[in-house]
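Participant: Pasted the sequence and its predicted model underneath.
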2 protein chains.
Amino acid sequence: MKSETRKEEIIVTASKLFKEKGYSAVTMRDLATAMGIKAASLYNHINSKQDILKAIIISIAEEFTSGMQTIIQSEASNIDKLKKIVTLHVNITSRNTNGMASLNNDWMHLEDQLEYYLQLRNEYETNFLYIIKEGISSTELKNSNPEIIMFSMLSTLRSLYLWIPKKEDLNANDLATSLSEVLIEGINN
Amino acid sequence: MKSETRKEEIIVTASKLFKEKGYSAVTMRDLATAMGIKAASLYNHINSKQDILKAIIISIAEEFTSGMQTIIQSEASNIDKLKKIVTLHVNITSRNTNGMASLNNDWMHLEDQLEYYLQLRNEYETNFLYIIKEGISSTELKNSNPEIIMFSMLSTLRSLYLWIPKKEDLNANDLATSLSEVLIEGINN
DNA sequence: TCTCTAAACTAACAAGTGTTAGTTAAGTGT
DNA sequence: ACACTTAACTAACACTTGTTAGTTTAGAGA
């Protein structure tokens, strides 16, 4: 029986390297060196380089999907749903900063799971957009272009992985609150 | 004398491929095939793969630097300076969507120019942050965390390259206006 | 003590990498 | 007709890539 924990160590280490240089630029020998072993030894624990990427990305994508399901089904106002989305991103990103880098930058190197990933992402964005449109209909939100609103929010949320590691002093709750404020209420006086 | 235009065709084609798969995953043979020639023929026009990346990224980075200089030195209010930054990003990104992808995702594969690039980026962010802090001091802006404000705006602006190609109907001026509104005035009613 | 297993190792592979050298074909100016 | 230039070509290089096969080492359970 292969040890699950050793496999997870490999995935964690790979995430860190993938964040720094991207999936394609990281070799199995790089990864092995970072683990203090030889490249061939990695294959006692994982099946392929591809599988590492898949393990990193798909689990996070599914976290987002299930988080969005909960939000959509909740009874909150549309603005509160948007705040919950912000919190969802902050929480997932805080827990796995490095993995988020791969999700954002290396998804195109998924092979077998590419279609599945795109489907999850598409559903996610459809739900996000729906909340915004409902928010506009109910006059909770300004009547701006809903796609611009989503694009703006999502861009910020997707970049969190770059920024959270630099701001360890700020805890997740405070960050989610400040970010919601800026994104929803704007910055002008 | 080598033809400059052929070299530029290579750079344009490379930008497109780099956007799709990232610098490391694009081979010189991929690039040559996309140009309808053989890999070795590329070297009649360029010195190395590295040089292509450098040509793509550094020229854009310098455009941002000089644009920021103009904005910083202008007499506009701080809010208007922020609006000018939005316009700067929309314009540069509209003109070179593919190149912006490399700037955002492949800068770490610069070798000789890496330090120079990081210096330009750092200066840019310092100026950006300064405008925001001045805006807060003068009560033009809400007293939120200036770094969160910059992070949020910059994330959105840096992601424009993903979004502009999908929205060819919207012209650059309209996009800059809508985006400024959303970013500065927020989305709630 | 014997056996089994986890997890490392060495050695090697076939394919793919960026790049160089030398050659060729098609124009261009004299 | 001539030499020159541009921009392609073929062939090959040294190195790197992901991965496989078979072996060794150390610890755990009987």
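Facilitator: Everything's here; your move.

Participant: For A:Val86, which non-adjacent residue is spatially closest?
Facilitator: A:Ser180 (4.8 Å; Cβ to Cβ, 6 or more residues apart in numbering or on different chains). Where C-beta positions appear, they are placed from N, C-alpha and C, glycine not excepted.

Participant: low-confidence ranges in chain A?
Facilitator: A:1-3 (pLDDT under 70).

Participant: Flag every residue of it that's near DNA strand D.
Facilitator: Selection of chain A residues close to DNA strand D by Cβ under 7 Å from any atom of the strand yields A:26-29, A:39-40, A:42-43, A:47-50.

Participant: list the helices and strands the host helix or strand of A:Ala32 packs on?
Facilitator: Here A:Ala32, judged by DSSP states H and E, is contained in helix A:28-35. Helix A:28-35 sits against helix A:4-21, helix A:39-42, with contacts defined as 3 or more Cβ pairs under 8 Å, 6 or more residues apart in numbering or on different chains; DSSP states H and E.

Participant: How about the closest residue to chain B within chain A: what's its closest non-neighbour residue?
Facilitator: Nearest to chain B in chain A, going by Cβ to the nearest Cβ, is A:Gly186, at a distance of 2.6 Å. In space, and not counting its chain neighbours, A:Gly186 is closest to B:Gly186: 2.6 Å by Cβ to Cβ, 6+ apart.

Participant: before we move on, the earlier item: run the angle between the helix holding A:Ala32 and helix A:4-21 for me.
Facilitator: 110 degrees (axes from the mean of the first three to the mean of the last three Cα atoms, to 10 degrees).

Participant: Can you give me the distance of the most centrally placed residue in chain A to A:Leu157?
Facilitator: Centroid check for chain A by Cα atoms, centre = their mean gives A:Met100 as the closest residue, at 4.4 Å. As judged by Cβ to Cβ, to the nearest Å, A:Met100 and A:Leu157 stand 10 Å apart.

Participant: Quickly list what's touching both of those two.
Facilitator: Common contacts of A:Met100 and A:Leu157 (Cβ atoms under 8 Å, 6 or more residues apart in numbering or on different chains): A:Thr93.

Participant: now the helices for chain A?
Facilitator: Using DSSP state H, the helices of chain A run over A:4-21, A:28-35, A:39-42, A:49-73, A:78-95, A:97-105, A:114-137, A:146-158, A:160-163, A:172-185.

Participant: ok, now how distant is A:Leu114 from DNA strand D?
Facilitator: 16 Å (Cβ to the nearest atom of the strand, to the nearest Å).

Participant: repeat for A:Ile184
Facilitator: Distance from A:Ile184 to DNA strand D, by Cβ to the nearest atom of the strand: 43 Å.

Participant: picking that back up, mind putting the helices of chain A in CSV, distance to DNA strand C included?
Facilitator: Shown next, in CSV, are those (distance: least, Cβ to the nearest atom of the strand, whole Å):
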stretch, distance to DNA strand C
helix A:4-21, 4
helix A:28-35, 7
helix A:39-42, 3
helix A:49-73, 13
helix A:78-95, 24
helix A:97-105, 18
helix A:114-137, 18
helix A:146-158, 28
helix A:160-163, 26
helix A:172-185, 32
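
Participant: okay, the ones you listed in TSV with distance to B:Ile11 next?
Facilitator: As requested, the helices of chain A are exported to TSV (distance: least, Cβ to Cβ, whole Å):
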stretch	distance to B:Ile11
helix A:4-21	23
helix A:28-35	29
helix A:39-42	35
helix A:49-73	29
helix A:78-95	34
helix A:97-105	22
helix A:114-137	28
helix A:146-158	26
helix A:160-163	27
helix A:172-185	36
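
Participant: Around chain B, which positions in chain A sit nearby?
Facilitator: On the criterion Cβ under 8 Å from any Cβ of the partner chain, chain B has as its neighbours in chain A the residues A:20-25, A:79, A:105-106, A:108-109, A:139-142, A:144-145, A:147-149, A:151-152, A:155-156, A:158-159, A:163, A:167, A:175, A:178-179, A:181-189.
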